[in-house]
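# Below are the sequence and a predicted model; questions follow.
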Amino acid sequence: MNTIHRILIGVAVAALLPTTAVGQNITYDIGRADFHGLKTFAFKDSPTDDSTTTTAYDSPLVRDRTHAAIAAQLEARGLRLNNDHPDTYVTARRTFKTEYSV
């Protein structure tokens with residue numbers, strides 16, 4: 001009887017062990033672009049909808065962090081931020097979705 005309980009406990013632990021290892025899978029789609037003719041950029045706000053509520057996803061903190069991440073990548077490619085007379089405008093559109101995979 002004692003051996004059967006130990007076997008069942010071992011099977012239960014072995015069955016539940018993989019469920020603790022489930023994590024998030026984050027993917028990015030980074031394409032290649034030619035920035036040869038562009039030297040400066042500036043951020044331009046995207047048109048907003050009529051909703052007046054602000055969620056955590058469209059808060060000023062998320063917007064500032066998104067702009068900082070984009071600016072860092074563009075500056076690493078040789079562009080510089082110029083709000084007065086930019087060669088191009090950058091508009092960031094953020095979408096969030098939750099995907100579960102088992």
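Good, I have the coordinates.

# What helices and strands are in contact with the host helix or strand of A71?
Assigned by DSSP states H and E, A71 belongs to helix 60-76. Applying 3 or more CB pairs under 8 Å, 6 or more residues apart in numbering; DSSP states H and E, we find helix 60-76 packed against strand 40-43, strand 80-81. Just so you know, the C-beta spots here come from the backbone N, C-alpha and C atoms, and that holds for glycine as well.

# Compare those strands and give me the one nearest T98.
Proximity to T98 (CB to CB) singles out strand 40-43 among those, at 27.1 Å.

# low pLDDT regions in this protein?
1, 17-28, 30, 33-35, 47-57 (pLDDT under 70).

# Let me see the ranges of the helices in this structure.
For the chain, helices defined by DSSP state H occupy the ranges 2-16, 60-76.

# out of those helices, deepest packed?
Looking across the helices of the chain with neighbours counted as mean count of other CB atoms under 10 Å, the highest average goes to helix 60-76: a mean of 12.

# export it as CSV, just CAs?
The C-alpha trace of helix 60-76 is given here as CSV (Å, rounded to 0.1, in the frame of the first residue of the first chain):
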residue,chain,number,x,y,z
PRO,A,60,1.9,58.7,-21.9
LEU,A,61,4.4,56.4,-20.2
VAL,A,62,4.0,53.7,-22.8
ARG,A,63,4.1,56.3,-25.6
ASP,A,64,7.3,57.8,-24.3
ARG,A,65,8.9,54.4,-23.9
THR,A,66,7.9,53.4,-27.4
HIS,A,67,9.3,56.6,-28.9
ALA,A,68,12.5,56.2,-27.0
ALA,A,69,12.9,52.6,-28.3
ILE,A,70,12.2,53.7,-31.9
ALA,A,71,14.6,56.7,-31.6
ALA,A,72,17.3,54.4,-30.2
GLN,A,73,17.0,52.1,-33.2
LEU,A,74,16.9,54.9,-35.7
GLU,A,75,19.9,56.6,-34.2
ALA,A,76,21.8,53.3,-34.2
